[in-house]
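1. next comes the sequence, and after it the predicted model I'd like to discuss.
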Amino acid sequence: VQLQAYGGGLVQTGGSLRLSCAASVRTFSSYAMGWFRQGPGKERELVAAISWNGLRTDYAAFVRGRFTISRDNAKNTVYLQMNSLKPEDTAVYYCAARPGDYALKGYGYWGQGTQVTVSS
C-alpha cells in the first residue's frame, strides 16, 4: 500500500484547508483509514478515523466539530476537511491505512506527510 498525502499549506487562523490522501492499492475499501498529526516537539497523535465504508467516523476531542474525515472508495482517496484552523493545529499531517473495517490504532501503512501551518 502506498499513500500520498497532499493539500497542506500556510493558512491564517480561522481559515480552511482540505487534505487528500491517494492510495495505491487494489482493494482500498478493505482498509480502515486515519489521519494523524505530529506537531513540533510533540508525539504523533490520531486526528480522525473512518471505517471502510465511510459510515463510522471518530475524531480527537481537539478537532471535533471543526474537522471532517471522508472517503471516496471509487477514487481510492480519503479526505480531511479542516475548518476554523488554529495555530495549535500546525503540524505535519499523515494519512494511514490498516486492513480491516475500522481502527483507532495499529496502523501499518503511512503516507509521507503534508505540512500544515496556521499563522496567528
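-> In hand now; what should we look at? If you're wondering where the values come from, they're calculated on a predicted model, not measured in any experiment.

2. CA only for contacts and neighbour counts going forward, please
-> Noted.

3. three-state assignment of Cys88?
-> Cys isn't right for residue 88; it's Glu. Under DSSP: H, G, I helix; E, B strand; the rest coil, Glu88 falls in the helix class.

4. please apply the same query to the one 10 residues further on.
-> Three states are possible here, and by three-state DSSP the one that applies to Arg98 is strand.

5. OK, contacts around it?
-> By CA atoms under 8 Å, 6 or more residues apart in numbering, Arg98 lies in contact with 31-33, 106-109.

6. among those, which are in strands?
-> Using DSSP state E, the subset of the contacts of Arg98 located in strands is 31-33, 109.

7. which members of the residues you listed are classed as buried?
-> When those are checked for burial by 16 or more other CA atoms under 10 Å, the buried set is 31-33.

8. and the least confident of the contacts of Arg98?
-> When these are compared by pLDDT, Gly106 scores lowest at 92.

9. distance check, that residue against Met33.
-> According to CA to CA, to the nearest Å, Gly106 and Met33 sit 11 Å apart.

10. partner residues bridging the residue sitting nearest the centre point of the chain?
-> What sits nearest the mean C-alpha location of the chain, by CA atoms, centre = their mean, is Trp35, with 2.6 Å. Trp35 has the following beta-bridge partners by DSSP bridges: Ala48, Cys95.

11. quick one, what contacts it?
-> 46-49, 80, 93-96.

12. tell me the phi and psi of Leu104?
-> phi -110, psi -10 (degrees, to the nearest 10).

13. not counting sequence-adjacent ones, nearest residue to it?
-> Distances taken as CA to CA, 6 or more residues apart in numbering put Ala49 closest to Leu104, at 6.4 Å, once the chain neighbours are dropped.

14. now Gln115
-> Using CA to CA, 6+ apart, the nearest residue to Gln115 is Val92, at 4.3 Å.

15. likewise Ala103?
-> Using CA to CA, 6+ apart, the closest residue to Ala103 is Ala32 (6.1 Å).

16. one more: Gly7?
-> Closest residue to Gly7 apart from its sequence neighbours, by CA to CA, 6+ apart: Leu19 at 4.5 Å.
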